[in-house]
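Asks: below: sequence and its predicted model.
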Amino acid sequence: MTIMNTFLVLIAITAFALLLNLPFGYLRSGTRKFSLLWMLYIHIPIPFIFILRKMGGLDFTFVPVIAVGAVAGQFLGGRFKPPGAVG
């Protein structure tokens with residue numbers, strides 16, 4: 001795989017990780033911190049990202065970049081507020 005192909009695959013998987021984590025971050029923000037649901041909302045997307053990373057041919061050295069996308073998705077999803085929400 002060329003460097004350009006690797007870069008494009010990395011960008012695509014990182015974007016997927018961010019988008020996948022948006023709804024989970026939103027759901028997580030409405031639960032009690034460190035509860036079972038809170039933990040599940042953080043960890044449910046991980047196997048999907050892992051499978052996509054393996055299918056894309058990326059090794060573990062790219063995990064930190066992909067993790068930044070996943071954490072950003074959790075954070076941004078948690079910042080969304082439904083219309084009429086208090087707080």
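Replies: Nice, I can see it. Numbers count the residues shown, from 1 in each chain.
Asks: mind naming the longest helix for the chain?
Replies: Criterion DSSP state H: the longest helix present in the chain is helix 3-29.
Asks: could I get the contacting residues of the residue most central in space within the chain?
Replies: When the chain is reduced to its mean C-alpha position, the nearest residue by Cα atoms, centre = their mean turns out to be residue 70, at 2.6 Å. Contacts for residue 70 (Cβ atoms under 8 Å, 6 or more residues apart in numbering) come out as 17-18, 20-21, 45-46, 49. Every C-beta, even on glycine, is put in place using the N, C-alpha and C of the backbone.
Asks: could you redo the last one with a cut-off of 10 Å?
Replies: The neighbours of residue 70, taking Cβ atoms under 10 Å, 6 or more residues apart in numbering as the test, are 14, 16-18, 20-21, 24-25, 42, 45-46, 49, 63.
Asks: so is it in a helix, a strand, or just coil?
Replies: For residue 70, the secondary structure call by DSSP: H, G, I helix; E, B strand; the rest coil comes out as helix.
Asks: give me the distance between it and residue 2.
Replies: 26 Å (Cβ to Cβ, to the nearest Å).
Asks: now do residue 74
Replies: Residue 74 sits at a distance of 32 Å from residue 2 (criterion: Cβ to Cβ).
Asks: of the two, give the one with the bigger neighbour count.
Replies: For the pair residue 74 and residue 2, the greater number of neighbours falls to residue 74 (23 against 7), based on other Cβ atoms under 10 Å.
Asks: just the C-alphas of the one helix or strand that one maps to, formatted as PDB.
Replies: Element membership for residue 74, per DSSP states H and E: helix 63-79. Taking only C-alpha atoms (Å, rounded to 0.1, in the frame of the first residue of the first chain), the coordinates of helix 63-79 have been written out as PDB:
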ATOM      1  CA  VAL A  63      -4.600   3.500  16.800                       C
ATOM      2  CA  PRO A  64      -3.700   6.800  18.500                       C
ATOM      3  CA  VAL A  65      -4.900   8.800  15.400                       C
ATOM      4  CA  ILE A  66      -8.100   6.800  15.100                       C
ATOM      5  CA  ALA A  67      -8.600   7.200  18.900                       C
ATOM      6  CA  VAL A  68      -8.500  11.000  18.600                       C
ATOM      7  CA  GLY A  69     -11.400  10.800  16.100                       C
ATOM      8  CA  ALA A  70     -13.400   8.500  18.400                       C
ATOM      9  CA  VAL A  71     -12.800  10.700  21.400                       C
ATOM     10  CA  ALA A  72     -13.700  13.800  19.400                       C
ATOM     11  CA  GLY A  73     -17.000  12.000  18.400                       C
ATOM     12  CA  GLN A  74     -17.800  11.200  22.000                       C
ATOM     13  CA  PHE A  75     -17.100  14.800  23.000                       C
ATOM     14  CA  LEU A  76     -19.000  16.400  20.200                       C
ATOM     15  CA  GLY A  77     -21.900  14.100  20.600                       C
ATOM     16  CA  GLY A  78     -22.100  14.900  24.300                       C
ATOM     17  CA  ARG A  79     -22.200  18.600  23.400                       C
END
